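# turn this into a structure:
(chains A, B and C)
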Amino acid sequence: MPELPEVESFRRKIDPQALGSPIIDVVIKEENFLETPKDEFKKSLLNKEFESTRRRGKNIFIKFNMKYLLLHFGMSGDVQFYKNKRKEPKYSKVIFKFKQNTFLSIISIRKFGKVQLIEDYEKFIKKMKIGPDALEITLDEFKTIMEQKKRSFAKTALMDQSALSGIGNLYSDEVLFQSRIFPKTKISALNEGQIEELHINIKDILTRALTSILTHDDYPNDFFIPYRSIDKKCPVCKSKIQRLKISSRHSFYCSTCQSK
DNA sequence: CGTCCTGTTATCGG
DNA sequence: GCCGATAACAGGAC
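Alright, predicted model coming up:
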């Protein structure tokens, strides 16, 4: 589920429902999900309130009491608010109870994902090498980063969270399809126009994906993601969709539309 | 039963 | 050091 647009939609759910209300209980359903020791985690959060949120790539940082709570969702994470304790979602990992009597559950079907406390935001993103956010990055920054990644495959570079953060397997396929670039093209083989087009397409695609998530609509008609299957045909030219493995992830593409 | 999977990380070989 | 490939982490869906 969660790449940048999904995570941004989580953040926008959290803002109106969780900010400014005292946390009156913290329930740890799965200790392994916590990177911070359980007791310290609970003690730091209890009776505090979330003040603001920010997102960088696939990470949400919630500010409270001079610290941050970091949420990372792995492959199957979600957030859910509910009012009735009996409505506790399956696979809840951590639950916050607010004074207004609402609950916020951090959910993950699989055990990937994590929740932890961060003392210093700048230090943390440096240490964890979380690159500039894919929606925030300027063209100049993008060009610099692509220069640094010039020996990488286009697909790998787009998914590298230390280069730019937020794009995963699905949206990298989408960006490459709409940019008509074969996934295993080396970045060094792209001309300046293609780099600029990539930069524009990244923002355009992530923004439009976010809009459809927020409105609960299907993806726009020109999106490739619904065609990510070797049983499907290219929505543009009707060629059979191809698949290849790049660093053990499947990449889907159209061999006619995406030039090598 | 076997296969697949939107993420990240460690490790190995080139 | 950089890159790519792979395994590992888990467990539900099909």
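
# which other helices and strands contact the host helix or strand of A:Lys203?
Counting by DSSP states H and E, the element that carries A:Lys203 is helix A:192-214. Where contact means 3 or more CB pairs under 8 Å, 6 or more residues apart in numbering; DSSP states H and E, helix A:192-214 is packed against helix A:4-18, helix A:139-148, helix A:154-159, helix A:169-178. (Each C-beta comes from the backbone N, C-alpha and C, glycine too.)

# contact partners for A:Ser259?
Each residue near A:Ser259 by CB atoms under 8 Å, 6 or more residues apart in numbering is listed here: A:180-182.

# touching stretch A:211-221 from outside, list them.
The contact list for stretch A:211-221 (CB under 8 Å, 6+ apart) reads A:5-6, A:9, A:12, A:208-209, A:225-226.

# show me how far that stretch is from its chain's centre.
Stretch A:211-221 sits 16 Å away from the centroid of its parent chain (CA atoms, centre = their mean, to the nearest Å).

# quick revisit: now check the helix holding A:Lys203, is it near DNA strand B?
No: Helix A:192-214 is not in contact with DNA strand B by CB under 7 Å from any atom of the strand; minimum separation 10.5 Å.

# swap in stretch A:251-259?
No: residues of stretch A:251-259 contacting DNA strand B under CB under 7 Å from any atom of the strand: none, with a closest distance of 8.5 Å.

# what's the local residue count around A:Pro16?
By the criterion of other CB atoms under 10 Å, A:Pro16 has 9 neighbours.

# and the pLDDT for it?
Looking at A:Pro16, its pLDDT reads 96.

# likewise for A:Arg86?
On pLDDT, A:Arg86 comes in at 89.

# doesn't it lie inside a helix?
Yes: using DSSP: H, G, I helix; E, B strand; the rest coil, the assignment for A:Arg86 is a helix.

# can you tell me how far it is from A:Gln100?
According to CB to CB, to the nearest Å, A:Arg86 and A:Gln100 sit 18 Å apart.

# try A:Lys233
Distance, A:Lys233 to A:Gln100, by CB to CB: 51 Å.

# who's in contact with A:Phe252?
Residues near A:Phe252 by CB under 8 Å, 6+ apart: A:173, A:224, A:227-230, A:241-243.

# one more time with 10 Å
Neighbour list for A:Phe252: A:169-170, A:173-174, A:176-177, A:183, A:224-225, A:227-230, A:232, A:241-244 [criterion: CB atoms under 10 Å, 6 or more residues apart in numbering].

# quick one: name the residues of chain A near DNA strand B.
Proximity of chain A to DNA strand B (CB under 7 Å from any atom of the strand) is limited to residues A:1-3, A:6, A:57-58, A:72, A:74-75, A:112, A:128, A:159, A:161, A:168-170, A:249-250.

# buried subset of the residues you listed?
Neighbour counting with 16 or more other CB atoms under 10 Å marks A:1-3, A:6, A:57-58, A:72, A:74, A:159, A:161, A:168-170 as buried within these.

# one step back: dump the contacts of stretch A:211-221 into JSON lines; add pLDDT as well.
Formatted as JSON lines, these follow (pLDDT from 0 to 100):
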{"residue": "A:Pro5", "pLDDT": "94"}
{"residue": "A:Glu6", "pLDDT": "94"}
{"residue": "A:Ser9", "pLDDT": "95"}
{"residue": "A:Arg12", "pLDDT": "95"}
{"residue": "A:Arg208", "pLDDT": "96"}
{"residue": "A:Ala209", "pLDDT": "95"}
{"residue": "A:Ile225", "pLDDT": "94"}
{"residue": "A:Pro226", "pLDDT": "93"}
